[in-house]
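Novice: Just need the structure, nothing else, for what follows:
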Amino acid sequence: MITKMNKLTFLLTNKEYEQFLAGIRELGVVHIEELKSGATSPEFEVGKERASRLSAAISALDNAKETWTLSTKRTIEAIPQSDNAVERGMNIVELIESLQAEELSLKHKIDAVDKNISVLEPWGEFDMKQFEVLKQNGYQVNFFAVSNKMFKAEWGETYFATPINEIDKKVYFITFSPETPDITAESIDVPNRPLSEFLEEKKSLEASVVEVHDKLLQINSLYNETLQKAKVENENEISLSRVHLNTESVAENAVKLLVGWVPEEKASDTEAFLNANHIFYEKEEPTLEDNVPVEIKNGKYSSLFEPILKMYSLPSYHDLDVTPFFAPFFMLFFGLCMGDAGYGALILAASIILLKKLPVDQKPLAKLGVYLGAMTIVCGALTGSFFGIDLTQQDWAFLAPIKDKFINEKNFTLFGYSPMMVISVIIGLIQVLLGMVLAGMKAAKLFGWRFAVGKMSWVTIIISAIICFGVPACGVVLPQAFIYILYVLMAISALGIFFYNAPDKNLLVNFGGGVWATYGMATGLLGDLLSYIRLFALGLTGGVLGGVFNQLSIQLTESMSWGVRWLPMLIILLLGHGINFGLCMISSFVHPMRLTFVEFFKNAEFEGGGKEYTPFKVKTYKKA
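Specialist: Coordinates of the predicted model:
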């Protein structure tokens, strides 16, 4: 449900302005409208830059906490103190950034040392100074590498080539000669320092990296909360700067003008404050032209699906909140795509565990998992699939009474097709018709009931046609009088489609619109319904693939004795079902979202584009 909003326009003198802002900020219910799109100020830009650096610093500390363990307590550089929370936080940020820069520099040095070590390792420990006497006597010392098949013995006679090592069928050798040897081999530029020095340098650099990590861990322990508070306080400063930017000066800068939005149930408190402080304001109802902020409120069940809606978009203020209408369908779609009671049990168990462990703000996601897991168990139980085992094909005694009740093509068909395929299309038809009803409700809400006639006529004619022609095809005989009533309904609906689809237009335009709508319905409805077959196809695919892994675990190990057979069977089952479970999870989220965002939202004429209601208020840090 979309919360009803009131529009408030404020006119203030320069003297009242700051006190007014402090007052409504304390109330924390007024959303200030953006009057100057894209406006900025030095304070606002500084705040955004600080927000970015604070977030990056907090992320760096969180990563340090998850990646490393403290080895030794270190002395941390003194952090300048300040009475301002944001400044204190930024002083800590600067220390973190300097440590990150130091760590990056150390890692670059380690990379360079590693490169030299990799060059020297084939040659072992030696010092280039040992060759100074040879160089003084006119001899060059050159280092080469070549495949052992390409190494030639005559190089030893000509250039005193001396093999030093052979690694991976590659010969490393040195030559001594007055001139550069004319041989086909890879010339290697060897560092002047011995290998032991580079190894010692690497050890020292790695110790310095550990020291940096220790300091970051200590900063996280001592100052993480200070940074969190600074981040919240900086957000408060940004919100204040944004309000300043969206205040217009009128009457030669003598008066300030702001526009705000308040939920209707909270408007009385706001008006009481304004009247008590003698603030001039004007209260209005939103118009279609207003860009009204949106706050949606749903019940405990429907609210769990709001994150899915927000992935698409919030509804506009003048639209309908479709969350309660798509929520049960999404849950059902997920269960059908997953299609296995065993996988559903895993989801349910994991969600229950997370429900106890996750922080309060993340518990709704775990609750959503509980519903999705439970629905998967139901769908898997109805179709007879448990960890890829087709229960209709098992001779287990306890299944005998219900074995022929599973909704499975091995038990029965509908109109010659798999029952789940037909059921998927029927579910799709119900959701599409619900979308059309919502489109009619939206038209009635915005423009009046007359504009809903054309849309509701399509719902009536489709349902009437299904009852009139579809029910008898299933072997049910309808009373003749009832059939005549359906004919009348279809005839009236046809009039609404062809002659009243646009009440504000003339008869000819209505008829043309009706013809075009009929063409669109004839081509679009079939395509929409066929899209829902993916619910059957994905559920079937997951079950078949799970069964394949079950068969592999049996067939690949059947020659083994049970004493050792259980282990490879377990490995195959865990890997196979792990892969299948992951694929099913992805498809069970992606395809229900696709059906919701495309087929359902299209037929419901859901446009989205809503701007979230964000009241101007002071945020406070809450310790997790």
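
Novice: surely residue 281 meets residue 7?
Specialist: No - in this structure residue 281 lies outside contact range of residue 7 using Cβ atoms under 8 Å: 10.1 Å. The way it works is simple: take the backbone N, C-alpha and C, and place the C-beta from them, glycine included.

Novice: Pull the contacting residues for the residue lying closest to residue 389 once chain neighbours are set aside.
Specialist: Spatial nearest neighbour of residue 389, chain neighbours left out: residue 550 (6.5 Å); criterion: Cβ to Cβ, 6 or more residues apart in numbering. With contact taken as Cβ atoms under 8 Å, 6 or more residues apart in numbering, residue 550 is in contact with 387-389, 573, 576.

Novice: do the same with residue 217
Specialist: 64-65, 68-70.

Novice: Looking at stretch 335-346 now, give me its mean pLDDT.
Specialist: Per-residue pLDDT over stretch 335-346 has a mean of 92.

Novice: Touching that stretch from outside, list them.
Specialist: 347, 372-381, 383, 385-389, 420, 424, 534-536, 538-540, 542-543, 546, 581, 584-585, 587-588, 591-592.

Novice: Skip the chain neighbours and tell me the closest residue to residue 270.
Specialist: residue 262 is the one closest to residue 270 (Cβ to Cβ, 6+ apart), at 5.0 Å.

Novice: In the beta-sheet assignment, what are the partners of the one you found?
Specialist: Using DSSP bridges, the bridge partners assigned to residue 262 are residue 6.

Novice: Double-check it against residue 8; I have them as touching.
Specialist: Yes - counting by Cβ under 8 Å, residue 262 does reach residue 8; the two are 6.0 Å apart.

Novice: Return every residue with contacts to both of those two.
Specialist: 30, 270.

Novice: still on that earlier bit, report the contact partners of the residue nearest to residue 270.
Specialist: Neighbours of residue 262 in contact, by Cβ under 8 Å, 6+ apart: 5-6, 8, 29-31, 270.

Novice: again, only using 10 Å
Specialist: Contact analysis of residue 262 by Cβ atoms under 10 Å, 6 or more residues apart in numbering lists 5-8, 24, 27, 29-31, 268-271, 283, 293, 613, 615.

Novice: How far off centre is the helix or strand containing residue 88?
Specialist: Following DSSP states H and E, one finds residue 88 within helix 85-120. When distances are taken as Cα atoms, centre = their mean, to the nearest Å, helix 85-120 is centred 31 Å away from the chain's centroid.

Novice: mean confidence for the next helix or strand after that helix?
Specialist: Next along the chain after helix 85-120, taking DSSP H and E as the criterion, comes helix 132-136. Helix 132-136 shows a mean pLDDT of 85.

Novice: One more: stretch 611-624?
Specialist: Here the average pLDDT along stretch 611-624 is 84.

Novice: Next, the buried residues of it.
Specialist: For stretch 611-624, the neighbour count (16 or more other Cβ atoms under 10 Å) marks 611, 613, 615-617 as buried.

Novice: Check stretch 437-450 too.
Specialist: Applying a neighbour-count criterion of 16+ other Cβ under 10 Å, one finds 437-444 buried in stretch 437-450.

Novice: Pass me the low-pLDDT residue ranges in the stretch 151-300 of the chain, would you?
Specialist: For the stretch 151-300 of the chain, applying pLDDT under 70 flags no range at all.

Novice: Helices of that one, start to end?
Specialist: Counting by DSSP state H, counting those that start in this stretch, the stretch 151-300 of the chain has helices at residues 154-159, 195-245, 267-276.

Novice: sorry, back to before: could you check how far the residue nearest to residue 270 is from residue 111?
Specialist: According to Cβ to Cβ, to the nearest Å, residue 262 stands 58 Å off from residue 111.

Novice: Please apply the same query to residue 220.
Specialist: 26 Å.

Novice: Please say which of the two ends up with more neighbours.
Specialist: Higher neighbour count among residue 220 and residue 111: residue 220, with 21 against 10, using other Cβ atoms under 10 Å.

Novice: Pretty sure that one sits against residue 62.
Specialist: Yes - at 7.8 Å, residue 220 counts as touching residue 62 under the criterion of Cβ atoms under 10 Å.

Novice: Give me the pLDDT value at residue 119.
Specialist: pLDDT, residue 119: 93.

Novice: Most neighbours of all the contacts of residue 217, which one?
Specialist: Highest count within these by other Cβ under 10 Å belongs to residue 64, 22 neighbours.

Novice: That one - nearest residue in space that isn't next to it in sequence?
Specialist: Using Cβ to Cβ, 6+ apart, the closest residue to residue 64 is residue 216 (4.3 Å).

Novice: Touching, the one you found and residue 96? I think so.
Specialist: Yes - using Cβ under 10 Å, residue 216 is in contact with residue 96, at 6.9 Å.

Novice: Residues in contact with both of the two, list them for me.
Specialist: Common neighbours of residue 216 and residue 96 (Cβ under 10 Å, 6+ apart) are 57, 60-61, 64.

Novice: nearest to residue 210, of these?
Specialist: Taking Cβ to Cβ as the measure, residue 210 lies nearest residue 64 of these, at 11.8 Å.

Novice: got the domain boundaries for this structure?
Specialist: 5-105+207-284, 126-193, 447-531 (automatic domain parsing).

Novice: quick one: which of those is nearest residue 558?
Specialist: Nearest of the domains of the chain (Cβ to Cβ): domain 126-193, 40.7 Å.

Novice: mind checking the end-to-end distance for the closest one?
Specialist: 9 Å (Cα to Cα, to the nearest Å).

Novice: what about the residue nearest to residue 64, distance to residue 225?
Specialist: 16 Å.

Novice: Looking at those two, which is more packed in?
Specialist: residue 216 (26 against 13).

Novice: Just list the residues touching the more buried one, thanks.
Specialist: Contacts of residue 216 (Cβ under 10 Å, 6+ apart): 57, 60-61, 63-65, 67-68, 70, 74, 76, 95-96, 99-100, 103.

Novice: Kindly report the same for residue 133.
Specialist: Residues near residue 133 by Cβ under 10 Å, 6+ apart: residue 139.
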